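Engineer: sequence first, then the predicted structure:
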Amino acid sequence: MRPIRIALTKGRLEKDTVAALERVGYDCSELHDKGRRLILRIPGSNIEVVLAKAADVITYVEYGVCDMGVVGKDTIMEYGGSFFEVADLGFGRCRFALAVKKGTDFYSGYAEKTVATKYPNVARRFFADKALDVRIIKIEGSVELAPLLELSDGIVDIVETGTTLKENGLEVQEEVAPISARLIVNTASMKLRKRELEEIIGNIEYAIGQKG
Ligand code: PRP
């Protein structure tokens, strides 16, 4: 049988995930010294680590080529999918917020509003819940530009420290949802490799709990 494969989100969540695995006692030396490699072993364990982009973590877990994954709630909210979300890992904490140019009010006036976002599904649901018709424009990154260039009245985006908003003359108007890293598991793996997965999940949860 192949090793248990864990897909990790490259970038922002990577460091905290590796730190959590190290607290469990896993040897993450390959992950520290990975160069451009994307599949890494944890010596002394039956675990293989795969480094992928956030949305692809979900895809690999859904198709079962990875048994588990670590991905942000932001990605889960945007892309959905069928898998088990087994734990809130507590790191990667930030939030989705509706932000506008400082001093402006997104909801003022009667004209239809426009929102720019990397997360059109999240934004659409947020305004649908308020029964508001809002035009959504998908932007690939640096969404803060959209209201500055007057493409949109506001943005729905991730806010972590708030620095990006502040340095660009924007401010949070309203919270949309809290975000943190989640551990997800393929539904078939959960049945077929239950014992191995439960051990890993338990170890990670214990290590996370020990931290705080
Ligand atoms: C995210 C987000 C904000 C910024 C928020 O962008 O879209 O731009 O981080 O962080 P802060 O509140 O700590 O300033 P990211 O760095 O992922 O880049 P991108 O928007 O260009 O994809």
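Structural biologist: That came through, no problem.

Engineer: need the contact list for the residue sitting nearest the centre point of the chain.
Structural biologist: Among the residues of the chain, the one closest to the centroid is G72, at 1.8 Å (CA atoms, centre = their mean). Contact analysis of G72 by CB atoms under 8 Å, 6 or more residues apart in numbering lists 9, 12-13, 54, 92, 179-182. C-beta here means a position set from N, CA and C on the backbone, and glycine is covered the same way.

Engineer: element containing R5?
Structural biologist: strand 4-9 (DSSP states H and E).

Engineer: please read the previous query as pertaining to K166.
Structural biologist: For K166, the host element (DSSP H and E) is helix 163-167.

Engineer: got the contact list for that helix?
Structural biologist: 99, 144, 159, 171-172.

Engineer: if we go to 10 Å?
Structural biologist: Helix 163-167 has contacts (CB atoms under 10 Å, 6 or more residues apart in numbering) with 97, 99-100, 102, 142-144, 155, 157-159, 170-172.

Engineer: of those, which are in range of the ligand?
Structural biologist: 142-144, 157-159 (CB under 6 Å from any ligand atom).

Engineer: ok, of these, which come out buried?
Structural biologist: Buried members of these, counted by 16 or more other CB atoms under 10 Å: 143-144, 157-159.

Engineer: wait, A146 sits on S152?
Structural biologist: Yes. A146 is within contact range of S152, at 4.3 Å (criterion: CB atoms under 10 Å).

Engineer: who touches both of the two?
Structural biologist: What both A146 and S152 touch, as defined by CB under 10 Å, 6+ apart, is the set 114-117, 137, 139.

Engineer: among these, which are in helices?
Structural biologist: Using DSSP state H, no member of the shared contacts of A146 and S152 sits in helices.

Engineer: ChimeraX command for the buried members of the residues you listed?
Structural biologist: A single ChimeraX command selects the buried members of these (16+ other CB under 10 Å):
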select :114,115,116,117,139
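
Engineer: need the max-distance pair from the shared contacts of A146 and S152.
Structural biologist: T114 and I139 (11.4 Å; CB to CB).

Engineer: partner strands of the longest strand anywhere in the chain and their direction?
Structural biologist: When the chain is parsed with DSSP state E, its longest strand is strand 170-179. Sheet pairing for strand 170-179, assigned by DSSP bridges, gives strand 94-101 (antiparallel).
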